[in-house]
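**Student:** Return a 3D structure for these sequence lines:
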Amino acid sequence: MTDTSLTKAIESQTHSVWQQLYRSQPFWVTIAAIGLCVVLSWAGTDSRGEQVFFTAQNFNNVALNFSFIGIIAIGMTAVIITAGIDLSVGSVMGLSGIATGLTLSSGYGVEAGIAAGLLTALACGLINGFLISYVGLSPFVVTLGMLSICRSLALVVSNNKMFYEFGPDEDIFVSIGGGSYFGIANSLVLMLILTVFLGFMLNYTAWGRHLYAIGSNENAATMTGVPVKAVKMSAYLFCSLTAGMSAIMIVGWMGSVTNALGMIYELRVIASAVIGGADLMGGVGSAYGALIGSFLVELIRNGLLMAGVDPYWQGTFVGLFIIFAVALEKIRSHRSS
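**Tutor:** Numbers count the residues shown, from 1 in each chain. So this is what the prediction gives:
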């Protein structure tokens, strides 16, 4: 190969990479997040001119809040890639948190408490996955029903009480959710680990390829030998498991749990995944997209709070961003085709 042809090949490859970035929604979400950080750092001052946004305390709050959502958004992304949806994640989170709190307050060790929370979440995911994958029911209907069931069970099991005494291993449990590793909150570390894990699974394993195949065309995936039912079930199991993980982290951080835990979290989780580039029609999504999407959603929420906007309006802004993200994806898909 001559120097000229080699140069052309390199330029072509570079151009292709930039084209892919330009067409990538996570890339533009990253740009938007950086831009919003700049705006908030400029506008985020109090009446005395002191910084409110660019402070260690505020950054810590943003990191914690977005990590709790981001952990579940990673699981939700796997489900959305299959053209499914899980509306129950907030309620599963609440029930898992209650199961953990009840177990610990009954005098059991931290291992039993964590196991109770994760097994509760997995049981919910198993039911969701079985009814959707093997019975053939609608993901919307099944997970909407599970949302109601889990929220009701959380009320029944907790007897509408708060759990804040976590038994002999209370200090250990609280350090898991509220501690840090080299100055980085444990929940943020867990989210980063899950992001790397899902990114690897989506890009380098048969399971990831099967998720995309099912979301793109389930009938074609079935005809080519993809174990559609098993893969779809595993996606819902993974999603519920991440809800259980997030519940354990947030309960440990707060040092208490009520049956209101996870209320309306499903909206923020779905918004994070969709804004990060996951297509509700299936076949599109990435681990990094879930991470950066949840970060942008939390930045918006944080910015609204600093601006003094009534918290009740937060849902309106998040809903508008979901609609905007879906519309943007449709426009991009139309232009590409």
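**Student:** Show me what secondary structure element comes after the helix or strand hosting residue 172.
**Tutor:** For residue 172, the element it lies in under DSSP states H and E is helix 170-178. Where DSSP H and E defines the elements, the next helix or strand beyond helix 170-178 is strand 180-181.
**Student:** Following element in sequence after that next one, please.
**Tutor:** Next element after strand 180-181 (DSSP H and E): strand 184-185.
**Student:** Next secondary structure after that next one?
**Tutor:** Scanning onward from strand 184-185 (DSSP H and E), the first element met is helix 186-204.
**Student:** any idea of the mean pLDDT for the next helix or strand after that following helix?
**Tutor:** Following helix 186-204 in sequence order, the next helix or strand is helix 206-216 (DSSP H and E). Averaged across helix 206-216, pLDDT comes to 96.
**Student:** on contacts alone, who are the packing partners of the very next helix or strand once past helix 206-216?
**Tutor:** Remark: after helix 206-216, the chain's next helix or strand is helix 218-223, criterion DSSP H and E. Judged by 3 or more C-beta pairs under 8 Å, 6 or more residues apart in numbering; DSSP states H and E, helix 218-223 is in contact with helix 206-216, helix 228-254. The C-beta positions use only the backbone N, C-alpha and C, and glycine is treated the same way.
**Student:** between those, which gets nearest to residue 111?
**Tutor:** helix 228-254 (11.7 Å; C-beta to C-beta).
**Student:** Centroid-nearest residue for the protein?
**Tutor:** residue 73 (1.2 Å; C-alpha atoms, centre = their mean).
**Student:** Could I get the pLDDT score of it?
**Tutor:** 97.
**Student:** give the contact list for it.
**Tutor:** Contact analysis of residue 73 by C-beta atoms under 8 Å, 6 or more residues apart in numbering lists 269, 272-273, 276, 290-291, 293-294.
**Student:** and of these, the nearest to residue 154?
**Tutor:** residue 269 (17.5 Å).
**Student:** Run through who's touching the helix or strand the closest one falls within.
**Tutor:** Here residue 269, judged by DSSP H and E, is contained in helix 265-275. The contact list for helix 265-275, computed with C-beta under 8 Å, 6+ apart, reads 29, 69-70, 72-73, 76-77, 80, 85-91, 93, 147, 280, 285, 289-290, 293-294, 296-297, 315, 318-319, 321-322, 325-326.
**Student:** quick revisit: any idea which of the helices and strands packed on helix 218-223 is most buried?
**Tutor:** helix 228-254 (a mean of 25; mean count of other C-beta atoms under 10 Å).
**Student:** For that helix, name the packing helices and strands.
**Tutor:** Short answer (3+ C-beta pairs under 8 Å, 6+ apart): helix 228-254 packs on helix 56-81, helix 89-105, helix 110-133, helix 170-178, helix 186-204, helix 206-216, helix 218-223.
**Student:** Let me know the angle separating the fourth one from helix 186-204.
**Tutor:** Put plainly, it is helix 170-178. 50 degrees (axes from the mean of the first three to the mean of the last three C-alpha atoms, to 10 degrees).
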